[in-house]
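Peer 1: pasted the sequence and its predicted model underneath.
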Amino acid sequence: MYGVAVMTPGQTETDCGSSSWTPSYNASTGNAIVDRAYSCIGAPYEWGGVGPDSFDCSGLVSWAVYNTYNTKSNQKETAYSSTSTGFPAYLTNKGFGSHGRVSGGTFTPGDVVSMTGHVWVVLGMCSDGSLVIVHATPPVVQISGTVNTAGSTNSEAVKLANAYMKKYYSDAAGKYNLCIASKAYVNNVDRFQWSSGSMRDPDGLRNMTAAQVLEKLIGLQ
């Protein structure tokens, strides 16, 4: 996505997606931003889409943040909208945590990460340095895996992402070619991390591997 996503008044956490599916997050478990982002897997990608039926990348992150911090509709002053590239800096300026440019290193569930023209949410990190992410990328909101530190597409994250998409989101996985995220998703990216006081994490997802997060929130591989 290139440009600005603006949360449409009236959207709430119960509105995500079309009539054929509904959000699947549990408001009392998990990590709030992760819960809301992954609940939209399978929704169609649309440039400029901010939900509830379709999303682009910054629209998905905007929607997830909005529904983390708002329980009412029409809260225009807390739309949490930003350009895709500038989302980490935007969240930092809101006082939710801090951001900085990194190449590799440690990523944790709930991190909001961007590169020029794209933004996504980290679901977890694997032992080979690859990441499982959720993002809106053509043609559908999906779980994707990055390459590992050696640049191989045969990474733990790619295997996990493909397995979960095929098992739990078979309609989308069967129709479309799923994205494998390149080194550009881990090198020279802008990473935002939530402060402990800004994002609840009752199940301790931040201390889990990607495989553990996926099993906890979605089910067995």
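Peer 2: Arrived safely, thanks for sending.

Peer 1: from the chain's centre, how far out does the helix or strand residue 136 falls within sit?
Peer 2: Under the criterion of DSSP states H and E, residue 136 resides in strand 131-137. Relative to the centre of its chain, strand 131-137 is centred 6 Å away, using C-alpha atoms, centre = their mean, to the nearest Å.

Peer 1: so the residue nearest to residue 210 when sequence neighbours are not counted versus residue 214, what's the distance?
Peer 2: Once flanking residues are discounted, residue 210 sits nearest to residue 124: 2.9 Å by C-beta to C-beta, 6 or more residues apart in numbering. C-beta here means a position set from N, CA and C on the backbone, and glycine is covered the same way. According to C-beta to C-beta, to the nearest Å, residue 124 and residue 214 sit 7 Å apart.

Peer 1: higher neighbour count, those two?
Peer 2: residue 124 (27 against 23; other C-beta atoms under 10 Å).

Peer 1: now do the SS call for the residue nearest to residue 210.
Peer 2: strand (DSSP: H, G, I helix; E, B strand; the rest coil).

Peer 1: contact partners for it?
Peer 2: Shown in contact with residue 124 (C-beta atoms under 8 Å, 6 or more residues apart in numbering): 109, 131, 132, 205, 208, 209, 210, 211, 212, 213, 214.

Peer 1: okay, and the beta partners of it?
Peer 2: Assessed by DSSP bridges, residue 124 has beta-bridge partners residue 132.

Peer 1: just give me the residue right at the centre of this structure.
Peer 2: Note on the chain: the residue nearest the mean C-alpha position is residue 121, at 2.9 Å, using C-alpha atoms, centre = their mean.

Peer 1: the closest residue to it other than its chain neighbours: which element?
Peer 2: In space, not counting the residues next to it along the chain, residue 121 is nearest to residue 37; the distance is 4.3 Å by C-beta to C-beta, 6+ apart. Secondary structure from DSSP H and E places residue 37 in helix 32-38.

Peer 1: what about residue 196, distance to residue 31?
Peer 2: Residue 196 is 12 Å from residue 31, by C-beta to C-beta.

Peer 1: how about residue 134?
Peer 2: To residue 31, residue 134 is 12 Å away according to C-beta to C-beta.

Peer 1: about what we covered before: for the residue nearest to the centre of the chain, phi and psi?
Peer 2: Note on residue 121: its backbone torsions stand at phi -120, psi 130 [degrees, to the nearest 10].

Peer 1: alright, that wraps it up for me.
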